[in-house]
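Participant: what's the 3D shape of this:
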Amino acid sequence: MHRSPHFPTLVSSAYDPLFSLVDIIVFFIEKFTLNTDIVRSRDNTARQGVIMGKRRRGIFTISLDFELYWGMRDVVSVEAYRNNLEGTPSAIKEMLIRFTKGEIHVTWAIVGFLFFKNKTELFEHLPSPLPAYEEKKIDLYAYAKENDLTPRFHFAPDLIEKIRHTPHQEIASHTFSHYYCLEKGQNAASFLADLKAAKRIAQSYGSQLVSLVFPRNQYNEEYLDLIRTAGFTAYRGNEKGWLYEALDERRKKSPIRRLGRILDSYINLSGHHTYDLEKIARTHPYNIPASRFLRPYNPFLAPLDPLKIARIKAGMHEAAQRGRLFHLWWHPHNFGLHTEQHLACLDEILETFQSLKKRYGFESLTMGEISRRLDGLRTHTR
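Facilitator: Numbers count the residues shown, from 1 in each chain. Here you go, the predicted model:
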């Protein structure tokens, strides 16, 4: 049976009827979406793809939320998530090999806790005031105080150093404490203290933080002035639409929203979420929004993986053809389990980037590099 190039070779032939259908769907999604995008981009090149006779280059950016167990504490036990956590270091090393080989510029948004070697060192550098969350399950200070912290699940100074010394990798912030900006009990004072603590520990490693990713995508517009005060020039905002609205954890987990986000990873329900840099440049700090979350491999959903990758690739094509921004993100610990399958997906995405780079000049930049590009646009348009 002929298969699409995206068809995973590791699946049993016992599922051929199902995969025949998946192949057909992938074929039409890619061919129809990409061909119509090409026609649309040709129609709009005068105002979107070409500036003063010169084609604007699209931008591909990747941001990674590096958090280890701090980002999973309220979701699953350490024991239940052990395999993911234990596999994260080797997965990161494999990612860095690929990023180096392909000259892929990546922003690593790191929880500040990870910079320390152990619990004792962490508690010597706590900010003040601390958030007083009403929901105690998300209070990571209380968790840290009451529990032994297995170093390889909670701290990663050696991995951070490896990332720092890999070309084209930006060290950014995922806040100091995986801070929840929309939860009851926290406030502006504790958030600003958190950001300053994140800045201090990163600076001790020789890194100047300029880019921020809100944990759980709890983007809080009321805190943008605080971000600017703390010295950040850019943050990762959310995709447009009600599916991706910034909400506290209780409302975000509504079954309808969760189902919608899952379906949108495989079927184009909400658009490709590519962005015009001139519009981004109008506000500061710059909102460099997410386009697509690379959803973790799930054996149960593996037959649909070609759709997931086709969805990402279609967005990349749109950005490359129309001179726009496409922003992909995931968590490194997602790759800690089923590492081979995750890396196969990443390889396909990076191969697509290289193809688009050759054809359209598609460019790989970190969030920090995009901020500097936006500074130039702001100066030029004033």
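
Participant: average pLDDT for stretch 329-345?
Facilitator: Averaged over stretch 329-345, pLDDT sits at 98.

Participant: Break down the chain into its helices, ranges please.
Facilitator: Assigned by DSSP state H, the helices in the chain fall at 16-44, 82-102, 119-123, 140-146, 151-154, 157-164, 188-204, 224-229, 249-252, 255-266, 277-280, 305-322, 339-360, 367-381.

Participant: Can you pull out the low-pLDDT segments for the stretch 251-382 of the chain?
Facilitator: Applying pLDDT under 70 to the stretch 251-382 of the chain flags residues 251-253, 380-382.

Participant: Tabulate the helices of the chain (CSV), appending distance to N238 and mean neighbour count.
Facilitator: C-beta: built from backbone N, CA, C; applies to glycine. Formatted as CSV, the helices of the chain follow (distance: least, CB to CB, whole Å; neighbours: other CB atoms under 10 Å):
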stretch, distance to N238, mean neighbour count
helix 16-44, 23, 15
helix 82-102, 24, 17
helix 119-123, 29, 15
helix 140-146, 22, 16
helix 151-154, 27, 18
helix 157-164, 25, 17
helix 188-204, 18, 19
helix 224-229, 14, 15
helix 249-252, 11, 14
helix 255-266, 11, 15
helix 277-280, 14, 16
helix 305-322, 15, 23
helix 339-360, 21, 17
helix 367-381, 15, 16
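
Participant: Make JSON lines out of these and add distance to G237.
Facilitator: As requested, the helices of the chain are exported to JSON lines (distance: least, CB to CB, whole Å):
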{"stretch": "helix 16-44", "distance to G237": "23"}
{"stretch": "helix 82-102", "distance to G237": "24"}
{"stretch": "helix 119-123", "distance to G237": "29"}
{"stretch": "helix 140-146", "distance to G237": "24"}
{"stretch": "helix 151-154", "distance to G237": "28"}
{"stretch": "helix 157-164", "distance to G237": "24"}
{"stretch": "helix 188-204", "distance to G237": "17"}
{"stretch": "helix 224-229", "distance to G237": "10"}
{"stretch": "helix 249-252", "distance to G237": "15"}
{"stretch": "helix 255-266", "distance to G237": "16"}
{"stretch": "helix 277-280", "distance to G237": "9"}
{"stretch": "helix 305-322", "distance to G237": "16"}
{"stretch": "helix 339-360", "distance to G237": "22"}
{"stretch": "helix 367-381", "distance to G237": "11"}
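
Participant: Compare these and give me the one nearest E170.
Facilitator: helix 367-381 (4.8 Å; CB to CB).

Participant: Against K117, how distant is the residue nearest in space to the middle of the chain?
Facilitator: For the chain, W329 is the residue whose C-alpha lies nearest the centre (CA atoms, centre = their mean; 2.1 Å). The gap separating W329 from K117 is 27 Å, by CB to CB, to the nearest Å.

Participant: thought R261 was touching L243?
Facilitator: Yes: with contact defined as CB atoms under 8 Å, R261 reaches L243; the gap is 5.4 Å.

Participant: so where is the stretch 51-200 of the chain shaky, pLDDT-wise?
Facilitator: Within the stretch 51-200 of the chain, the stretches with pLDDT under 70 are 51-54.

Participant: now with 90?
Facilitator: Within the stretch 51-200 of the chain, the segments meeting pLDDT under 90 span 51-56.

Participant: For H333, find the nearest of the helices of the chain.
Facilitator: Closest among those, using CB to CB: helix 82-102, at 4.8 Å.

Participant: which residues are in contact with that closest one?
Facilitator: Identification of contacts with helix 82-102 by CB atoms under 8 Å, 6 or more residues apart in numbering yields 68-69, 78, 104-106, 152-153, 156, 159, 162-163, 166-169, 332-337, 339, 342-343, 346-347, 350, 353-354, 364.
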